[in-house]
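# here is the input, now give the coordinates:
(chains A, B, C and D)
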There are 2 protein chains.
Amino acid sequence: MIDETIEEASPAKIEAWARLLRSSATVLEQVEIKLKAAGFPPLAWYDVLLELRRAEGGRLRPVEVEKRTLLAQYNVSRLIDRLASAGFVEKRKSPEDGRGVVVALTAKGSSLLEDMWPVYKSAIQSEFGCHLSEDEAAEIFRLLGKFLPGEQAGYRQDIENK
Amino acid sequence: MIDETIEEASPAKIEAWARLLRSSATVLEQVEIKLKAAGFPPLAWYDVLLELRRAEGGRLRPVEVEKRTLLAQYNVSRLIDRLASAGFVEKRKSPEDGRGVVVALTAKGSSLLEDMWPVYKSAIQSEFGCHLSEDEAAEIFRLLGKFLPGEQAGYRQDIENK
DNA sequence: TCAAGATTGATGCACTTGCATTGAAATTGC
DNA sequence: GCAATTTCAATGCAAGTGCATCAATCTTGA
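A predicted model of the protein is given here:
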């Protein structure tokens, strides 16, 4: 007889899952609170601006922002509108693609990134980093990489400001 | 001279932080998609019902739900209303506290938990568990416990259905 | 005892998100 | 070369969330 058993999540895995939900939500919430307390917009704004700064020429198509941030298409569209209203990005028509838009980081957007980073970094430390040794941080990085599609074990993504 | 240096988040910790955000959002999103595809309500509904089932007598005050779930007070209030409208819980006046409400799991709510669990469990396995060995799951559990206030290293929380 | 303060839960309002759809332009396949 | 399909971005609508506030009740302390 062929064993057609489908593997079930073990108790240890279920516990780990529950803890991932709890701890990530808790820590993220605290970081968001600190950003807001310092008068800054939500992390999602930072993420989008950061992707723009990383990008060639400080500009991206919305569809590229979508791929890089996990935001849904309609949320990208509206977040970009809000960023543009606030002066942090500029929307231009794409020269090559008549359907498209190009979103460009402005000087003001660049300043926001720089201003937010110290606060953000300190929140990361106080809510997350201070609980970990260097080895533990590396281990978390390694383990969580397993859930990201197409990530090699050694790949490291840089979110630093400078 | 006294060293008043405030510890900064190291690059490894920042990488780990970024990965925590990405991976937890990715995995959670996929699990939510599977629940929805099976015609079930969001995970938050499951969480609240589960807390009720765990509680003495299958009932809790909303303020207790709030503490156990990380939901904000006003969201608990409204989620409970939705759960009550759908027949999964019952709201009663608290006999001891005139301000208060007692939320009780109904038979229908209990059934929902039972019906959702196989789908939820399989989603946990396919999006999360299948990427991990038993040891890795235990290690994630241990490491993420460091961010939860008042958790001892060995404490384990049970989200199983049966 | 009783006034001051704290806790519980709900809600009006503005904003954000999710869903479905649209219109426009690019790409594909014949 | 052109119709069918796909991709890109926006948006109307419904639902959910965050914030501030409220009314009711409970607790505290003089």
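
# quick one: is the host helix or strand of A:Ile80 near chain B?
Assigned by DSSP states H and E, A:Ile80 belongs to helix A:73-85. No: judged by C-beta under 8 Å from any C-beta of the partner chain, helix A:73-85 makes no contact with chain B; its nearest approach is 12.4 Å. No exception for glycine: its C-beta is placed from N, CA and C like everyone else's.

# convert that helix to PDB, retaining C-alpha atoms only.
Output of helix A:73-85 as PDB, limited to C-alpha atoms (Å, rounded to 0.1, in the frame of the first residue of the first chain):
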ATOM      1  CA  GLN A  73      -2.300  47.100  -6.200                       C
ATOM      2  CA  TYR A  74      -5.200  49.400  -5.200                       C
ATOM      3  CA  ASN A  75      -3.400  50.300  -2.000                       C
ATOM      4  CA  VAL A  76      -0.200  51.200  -3.800                       C
ATOM      5  CA  SER A  77      -2.300  53.400  -6.100                       C
ATOM      6  CA  ARG A  78      -3.800  55.200  -3.200                       C
ATOM      7  CA  LEU A  79      -0.800  55.400  -1.000                       C
ATOM      8  CA  ILE A  80       1.100  56.900  -3.800                       C
ATOM      9  CA  ASP A  81      -1.600  59.500  -4.100                       C
ATOM     10  CA  ARG A  82      -1.300  60.300  -0.400                       C
ATOM     11  CA  LEU A  83       2.500  60.500  -0.700                       C
ATOM     12  CA  ALA A  84       2.100  62.800  -3.700                       C
ATOM     13  CA  SER A  85      -0.400  65.100  -1.900                       C
END
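
# ok, the helix or strand following it: who's next to it in the sheet?
Going down the chain from helix A:73-85, the next helix or strand is strand A:89-93, by DSSP H and E. Strands that pair with strand A:89-93, judged by DSSP bridges, come out as strand A:101-105 (antiparallel).

# what's the partner strand in contact with?
Applying C-beta atoms under 8 Å, 6 or more residues apart in numbering or on different chains, the contact partners of strand A:101-105 are A:49, A:52-53, A:57-62, A:65, A:80, A:83-84, A:88-95.

# who in chain A is up against DNA strand D?
A:36, A:61-63, A:66, A:73-74, A:77-78, A:80-81, A:91, A:94, A:97, A:99-101 (C-beta under 7 Å from any atom of the strand).

# narrow those residues to just the buried residues.
A:Arg61, A:Pro62, A:Glu66, A:Ile80 (16 or more other C-beta atoms under 10 Å in any protein chain shown).

# and the host helix or strand of the third one, what does it pack against?
By that I understand A:Glu66. Per DSSP H and E: A:Glu66 is located in helix A:62-69. Contacts defined by 3 or more C-beta pairs under 8 Å, 6 or more residues apart in numbering or on different chains; DSSP states H and E place helix A:62-69 against helix A:43-54, helix A:73-85, strand A:101-105.

# closest to B:Lys121 out of those?
helix A:73-85 (29.4 Å; C-beta to C-beta).

# between that closest one and strand A:101-105, how big is the angle?
Put simply, helix A:73-85 runs at 50 degrees to strand A:101-105, going by axes from the mean of the first three to the mean of the last three C-alpha atoms, to 10 degrees.
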